[in-house]
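K.L.:
sequence below, structure please.
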Amino acid sequence: MEVCVVPEKHNEFFHFSLNKDKLRKARRREGRYLLRTNLIGCNPAEMWQFYIQLTYVEEAFKNLKGDLAIRPVHHQKQGRIESHIFVAFMAYALHVTLRQRLYRLAQGLTPRSVIEKLSTVQMLDIHLPTTDGRRVIMSRYTQPEPDVQILLKQLQLNFPSQPSPRMALKDGVTEQNVVKTF
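P.N.:
Sure, this is the predicted structure:
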């Protein structure tokens, strides 16, 4: 596009003209994507699907390193290595599930933004001493803020009921659901 500014006595006006051939060439190239490969004799549609799968794999690694904060951990034992991989895979599976749910129920939101919003809800353990030296432990989550409640409603999610109290004995061992009322 060529632009020409011509001043007048006290006024300036703006004048322009289009290079139509240059514009036509640019418009012909818009929306095109060139995919090069060293594979011979493959269907172009199949090659495009391979490329899309590659972008999904790259996105998965980006999510594992970024949103899910799964970083390299240098384990020494085979069982720990396998456990780390399993936890990373489960985190990724939940991330993909959340993304699909957002696509259906709350388009425009990303898993990262939802995780950030839900991170405001915390789980607390309240320790209450008893007269016989034991402790009643009540695990409770905090009340979600109004915007988090709206998000949960939009995603059709509910928090589970608050867990039942448990009793900690003198030696630190806990008994589940042993609060006696009589």
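
K.L.:
low-confidence ranges, this structure, go.
P.N.:
Scanning the chain for pLDDT under 70 picks out the ranges 1-15, 67-72, 170-182.

K.L.:
domains of it?
P.N.:
With domains defined by automatic domain parsing, the chain comprises 2-116, 122-175.

K.L.:
make JSON lines out of those and add mean neighbour count.
P.N.:
For the C-beta atoms, the positions are set from N, CA and C on the backbone; glycine is no exception. Putting those into JSON lines (neighbours: other C-beta atoms under 10 Å) gives the following:
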{"stretch": "domain 2-116", "mean neighbour count": "11"}
{"stretch": "domain 122-175", "mean neighbour count": "12"}
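
K.L.:
ok, and what's touching stretch 30-44?
P.N.:
47-48, 51 (C-beta atoms under 8 Å, 6 or more residues apart in numbering).

K.L.:
10 Å instead, please
P.N.:
Under the criterion C-beta atoms under 10 Å, 6 or more residues apart in numbering, residues 46-51 lie in contact with stretch 30-44.

K.L.:
again, but for stretch 147-161
P.N.:
By C-beta under 10 Å, 6+ apart, stretch 147-161 touches 98, 101-102, 104-106, 109, 113-114, 117-121, 141-145.

K.L.:
inside strands: which ones of the residues you listed?
P.N.:
Y141 (DSSP state E).

K.L.:
show me where the protein has helices.
P.N.:
20-29, 44-65, 78-105, 111-118, 146-154 (DSSP state H).

K.L.:
the fourth one - contacts with which helices or strands?
P.N.:
Other elements packing on helix 111-118 under the criterion 3 or more C-beta pairs under 10 Å, 6 or more residues apart in numbering; DSSP states H and E are helix 78-105, helix 146-154.

K.L.:
reformat those helices into a markdown table and put distance to T55 next to each item.
P.N.:
Formatted as a markdown table, those follow (distance: least, C-beta to C-beta, whole Å):
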| stretch | distance to T55 |
| --- | --- |
| helix 78-105 | 14 |
| helix 146-154 | 28 |
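
K.L.:
to N19, which of those helices lies closest?
P.N.:
With respect to N19, and counting by C-beta to C-beta, the nearest of those is helix 78-105 at 42.3 Å.

K.L.:
now do that closest one: which elements does it pack against?
P.N.:
helix 44-65, helix 111-118.

K.L.:
okay if I get those helices as CSV plus distance to Q154?
P.N.:
Below are the helices and strands packed on helix 78-105 laid out as CSV (distance: least, C-beta to C-beta, whole Å):
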stretch, distance to Q154
helix 44-65, 22
helix 111-118, 10
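
K.L.:
quick one, which of these is nearest to G133?
P.N.:
helix 111-118 (37.6 Å).

K.L.:
in JSON lines, list the helices of the chain along with distance to R36.
P.N.:
What follows is these, written out as JSON lines (distance: least, C-beta to C-beta, whole Å):
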{"stretch": "helix 20-29", "distance to R36": "16"}
{"stretch": "helix 44-65", "distance to R36": "10"}
{"stretch": "helix 78-105", "distance to R36": "29"}
{"stretch": "helix 111-118", "distance to R36": "32"}
{"stretch": "helix 146-154", "distance to R36": "42"}
